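Participant: predicted model, plus sequence, below.
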Amino acid sequence: MATCRSEAVEEAKDPGAAPHGNFMNYYTFNPPENRLSLIPASLLRDLGYSDGQDEATLVLDVGCNSGELSVAFYNHVVSQPEEETHKRKVHLLGFDLDETLIQRAQEINPPDSNITFLHLDITKNTDQLQNYLGRHCCSHFHLCLCLAVTMWVHLNHGDSGLLQLLSQLASISQHLLLEAQPWKCYRSAARRLRKLGRSDFDHFKTLKIRGDVAEHAREHLERHCGMQLIQSFGSTTWDRQLLLFRRK
């Protein structure tokens, strides 16, 4: 997740100063291939989204940063065998609450692309997401990507903020691909802030959801959100699981 322009500028000077995860050069140290190497190019087809129907396939990328992964993911999964003549059109919407990062994402994206980037804080308002769905005559996104976002929402909005995020995404998604940062990343993020002489995260010391955060997320999605874990694509080079959920 990301935040305002002033913090983005500060982070550009000091890579440790990104308390909302809005790292300006994030994909230089965690390139898209770290995730895409685990995700099959046939993912959309495997989920049944290439059957020649007229309805477009909608993909949502939550906390998309500067958009490199969004574009790389789109190119990765949209490439289809040439002999496949009936292809569903795929549209990808990426959003982040850092306006500077979204501007960078828009700059790297061709204007005639099926990829759109929005400046949006999902913890405050989801009207733009609903408007996007409405324009495509859909009630939900077919696939939602939530990759390395949960920790930043959790640290800045507490346990209730994390659970609300998961519930919101489940309510607008048919499938959810989740990468939740493990607890050791929380400790590292808090340590970086203290080292810089900045105040600690407001909720860090009072969080009750600790330990195996991915397991806590799975439990909430399955018990309270009508989702079911259907596949694990293994762990990234940063030891984070990629878990795929489906609406029951």
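Facilitator: Happy to help now that I have it.
Participant: helices or strands next to the helix ranked longest in the chain in the packing?
Facilitator: Secondary structure of the chain read by DSSP state H shows that its longest helix is helix 150-171. For helix 150-171, the elements it packs on are strand 143-147, strand 175-179, helix 183-195, helix 213-224, judged by 3 or more Cβ pairs under 8 Å, 6 or more residues apart in numbering; DSSP states H and E. Where C-beta positions appear, they are placed from N, C-alpha and C, glycine not excepted.
Participant: and the first one, how far out from the chain's middle?
Facilitator: Okay, so that is strand 143-147. 5 Å (Cα atoms, centre = their mean, to the nearest Å).
Participant: and what of the longest one?
Facilitator: The chain centroid and the centroid of helix 183-195 are separated by 21 Å under Cα atoms, centre = their mean.
Participant: need the contact partners of that helix.
Facilitator: Helix 183-195 has contacts (Cβ atoms under 8 Å, 6 or more residues apart in numbering) with 16, 19, 151, 154-155, 199-201, 204, 207, 210-213.
Participant: can I get those residues in CSV with neighbour count and pLDDT?
Facilitator: Output for the contacts of helix 183-195, formatted as CSV (neighbours: other Cβ atoms under 10 Å; pLDDT from 0 to 100):
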residue, neighbour count, pLDDT
16, 14, 54
19, 23, 85
151, 21, 97
154, 28, 98
155, 26, 96
199, 8, 77
200, 14, 83
201, 21, 92
204, 16, 95
207, 16, 98
210, 11, 96
211, 9, 95
212, 14, 97
213, 21, 97
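Participant: identify the farthest-apart pair in the residues you listed.
Facilitator: 199 and 212 (27.5 Å; Cβ to Cβ).
Participant: endpoints of stretch 162-182, how far apart?
Facilitator: 14 Å (Cα to Cα, to the nearest Å).
Participant: my bad, stretch 88-104
Facilitator: Terminal-residue distance, stretch 88-104 (Cα to Cα): 28 Å.
Participant: residues near residue 100, how many?
Facilitator: 22 (other Cβ atoms under 10 Å).
Participant: and it, how far from residue 22?
Facilitator: Residue 100 is 8 Å from residue 22, where distance means Cβ to Cβ, to the nearest Å.
Participant: likewise residue 224?
Facilitator: Distance from residue 224 to residue 22, by Cβ to Cβ: 29 Å.
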